[in-house]
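Trainee: Predicted model, plus sequence, below.
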Amino acid sequence: MNTKPAILNSEEAEKLERIAYILKVVAHPLRLGIVHILEQHPELSVSDIVTILDSEQSLTSHHLQNMKLKGILSSRRDGRSILYSLKERDVSLIIECLENCKCNM
C-alpha cells in the first residue's frame, strides 16, 4: 500500500478551515460593509449601520443576527438599542489581506 505524506499538518488544516468558515460567513457585500464600518467604529447600533450603509433595516438586522450567531459579531443592549461590535478580529486581517492582494479581478 503506497500512502502519500500529508501535505498539511492538523494545525495548518484547522487554520485553513477557520479561514474558509470566516470567508463563507462574510461572503456578501452587505456583510463586508458591516465588517468594514465596525473596524472603524468599536460599536454601532443597527440604525447607525443602516444609515452609514444606506441599507434596509430588516435586511441589515438579518445579516447582523446571522453574523452574531456564527461568532463574527457580538452585541449588547443599551437601553432600547442593540450595539454590535466585531467579536472575531481575524475577519479584519483576512479582509485586509484580500484588499491588498494584487490578483486580477
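Mentor: Noted; the coordinates are in hand. Residues are numbered from 1 along each chain as shown.

Trainee: In which helix or strand does residue 62 reside?
Mentor: According to DSSP states H and E, residue 62 maps onto helix 57-69.

Trainee: ok, residues contacting that helix?
Mentor: 25-26, 28, 30-31, 34, 46-47, 49-50, 53, 73-75, 84, 87 (C-beta atoms under 8 Å, 6 or more residues apart in numbering). All C-beta spots, glycine's among them, are computed from the backbone N, C-alpha and C.

Trainee: Closest one to residue 95 out of those residues, please.
Mentor: Comparing the contacts of helix 57-69 against residue 95 with C-beta to C-beta places residue 26 closest, at 7.2 Å.

Trainee: Quick one: neighbours of that closest one, just the number.
Mentor: Residues lying near residue 26 (other C-beta atoms under 10 Å) number 23.

Trainee: Show me where this protein dips below the pLDDT cut-off.
Mentor: Filtered on pLDDT under 70, the chain yields the residue ranges 1-6, 102-105.
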